[in-house]
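Asker: Quick one, what's the 3D model for this:
(one chain, ligands or ions: 2)
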Amino acid sequence: MTNSVIVAQQLVKKYGDFTAVDGIDFEIDHGECFGFLGPNGAGKTSTMKMIYGFNTVTSGKLNVLGLDVETSIREIKAQLGIIPQEDNLDPDLKVFQNLRVYARYFDIPKKKAIQRCEQVLEMFQLIEKRDKFIHELSGGMKRRLVIARSLLSQPKIIIADEPTTGLDPQARRLVWQKLQQLKQQQVTLVLTTHYMEEAAQLCDRLAIMDRGKILEVGSPKALIEKHVRPEVVELQLAEAHMENLLTQLNSMNIKFEAVGDTVYAYTEDAQSLADQLRMHEGILRLVERQATLEDVFLTLTGHALDD
Ligand SMILES: Nc1ncnc2c1ncn2[C@@H]1O[C@H](COP(=O)(O)OP(=O)(O)OP(=O)(O)O)[C@@H](O)[C@H]1O
Ligand SMILES: [Mg+2]
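Answerer: Ligands and ions are numbered 1, 2, ... in the order given. Below is the predicted model of the structure:
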């Protein structure tokens, strides 16, 4: 008996000749927050759209709640809360009406539906905007409304494609808080992001995705432990002195990545490594810090998340 609520096997999405999702496997457990972390074009949205049936599956298998997306997408969708990357609010309807109409898809009885609409507006601090048209909302308010809308049906699984893109730091924290509360209620969260901070804050496990492939799956902590060291010395260097420094790091057996004029040296103890390197010629900037998922990504792909 497995605890998985979403299972993908050799999942492929092609658009014409172009392969956007290139044979990925993953299993998402009941009640966990599972994140897809990757740069623009990695294939995150293409994967989400297959889960909620907006995209057809080109090949491979995709099961959600024990049902095959190719044959049972209606039953699946009835149990999902969907936050698409692109806002798809109805511009002809006011805020409250957008929610009311959406609630009808789930056959929520009228009185309960009205209550739920009010609750989710409260939750995302939009109650004052209930009688505004969509074009009267700011970008971040529209985003919050899409998130609020996804919760109307009290779904078992929430598919959130970059839920907090475009939100200010305060609104982002509000959304993180609400998503964490849902997780405490055993709701399964599947989210995509290119903010490593979001991934680290919310996700129990992450799939690191790049160019249609999953490179690694693991908890944020395990990924950092496996691929980098806990601390980093980040050095910016004049070009002429770069080779020398890399030779020195090699001789010290230090794991590093070099990107342009910056070297990331991974270590158990950034302070002591920084002391050894500080006198090196040509250093323009030296920073000691904790390793992050960004470093894991860099080590796995050779390029940064926001490239
Ligand atoms: N409808 C489409 N037709 C053709 N190509 C597409 C289509 N949708 C996506 N693609 C391509 O598939 C690749 C993956 O796109 P996708 O939207 O899945 O990436 P993503 O990881 O969500 O990126 P982002 O972080 O920018 O949202 C990209 O190269 C994109 O150009
Ligand atoms: Mg996307």
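Asker: for the protein, which spans come out with low pLDDT?
Answerer: 1-2, 307 (pLDDT under 70).
Asker: residue ranges of the strands in the protein, please?
Answerer: Taking DSSP state E as the test, the strands found in the chain are 4-15, 18-29, 33-37, 59-64, 67-68, 80-83, 157-161, 188-193, 205-210, 213-218, 231-237, 255-259, 262-267, 283-290.
Asker: Give me whichever of those strands is most buried.
Answerer: strand 33-37 (a mean of 26; mean count of other CB atoms under 10 Å). Backbone N, C-alpha and C define where each C-beta goes, glycine included.
Asker: what's the neighbour count on G31?
Answerer: Residues within reach of G31, counting by other CB atoms under 10 Å, total 16.
Asker: what would the strands of the chain look like in JSON lines with distance to ligand 2?
Answerer: As requested, the strands of the chain are arranged in JSON lines below (distance: least, CB to the ion, whole Å):
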{"stretch": "strand 4-15", "distance to ligand 2": "12"}
{"stretch": "strand 18-29", "distance to ligand 2": "10"}
{"stretch": "strand 33-37", "distance to ligand 2": "9"}
{"stretch": "strand 59-64", "distance to ligand 2": "18"}
{"stretch": "strand 67-68", "distance to ligand 2": "24"}
{"stretch": "strand 80-83", "distance to ligand 2": "12"}
{"stretch": "strand 157-161", "distance to ligand 2": "6"}
{"stretch": "strand 188-193", "distance to ligand 2": "6"}
{"stretch": "strand 205-210", "distance to ligand 2": "10"}
{"stretch": "strand 213-218", "distance to ligand 2": "15"}
{"stretch": "strand 231-237", "distance to ligand 2": "28"}
{"stretch": "strand 255-259", "distance to ligand 2": "24"}
{"stretch": "strand 262-267", "distance to ligand 2": "26"}
{"stretch": "strand 283-290", "distance to ligand 2": "28"}
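Asker: Now do the contacts for the closest residue to ligand 2 within the chain.
Answerer: Minimum separation of the chain from ligand 2 (CB to the ion) falls at T45, amounting to 3.1 Å. Neighbouring residues of T45 by CB atoms under 8 Å, 6 or more residues apart in numbering: 85, 161, 192.
Asker: quick one: which of the residues you listed is nearest G139?
Answerer: Checking the contacts of T45 against G139 with CB to CB, the nearest one is Q85 at 13.2 Å.
Asker: Isn't that closest one up against T164?
Answerer: No. Using CB atoms under 8 Å, Q85 is not in contact with T164; the gap is 11.4 Å.
Asker: Can you pick out the residue with more neighbours from the two?
Answerer: With neighbours defined as other CB under 10 Å, Q85 and T164 compare such that T164 has more, 25 against 16.
Asker: Might one say that that one is in contact with Y195?
Answerer: Yes. When contacts are counted by CB under 8 Å, T164 is listed as touching Y195 (7.2 Å).
Asker: Now list whatever residues contact both of the two.
Answerer: When contacts are counted by CB under 8 Å, 6+ apart, T164 and Y195 have no shared neighbour.
Asker: Distance from stretch 101-110 to the middle of the chain?
Answerer: Distance, stretch centre to chain centre, for stretch 101-110: 29 Å (CA atoms, centre = their mean, to the nearest Å).
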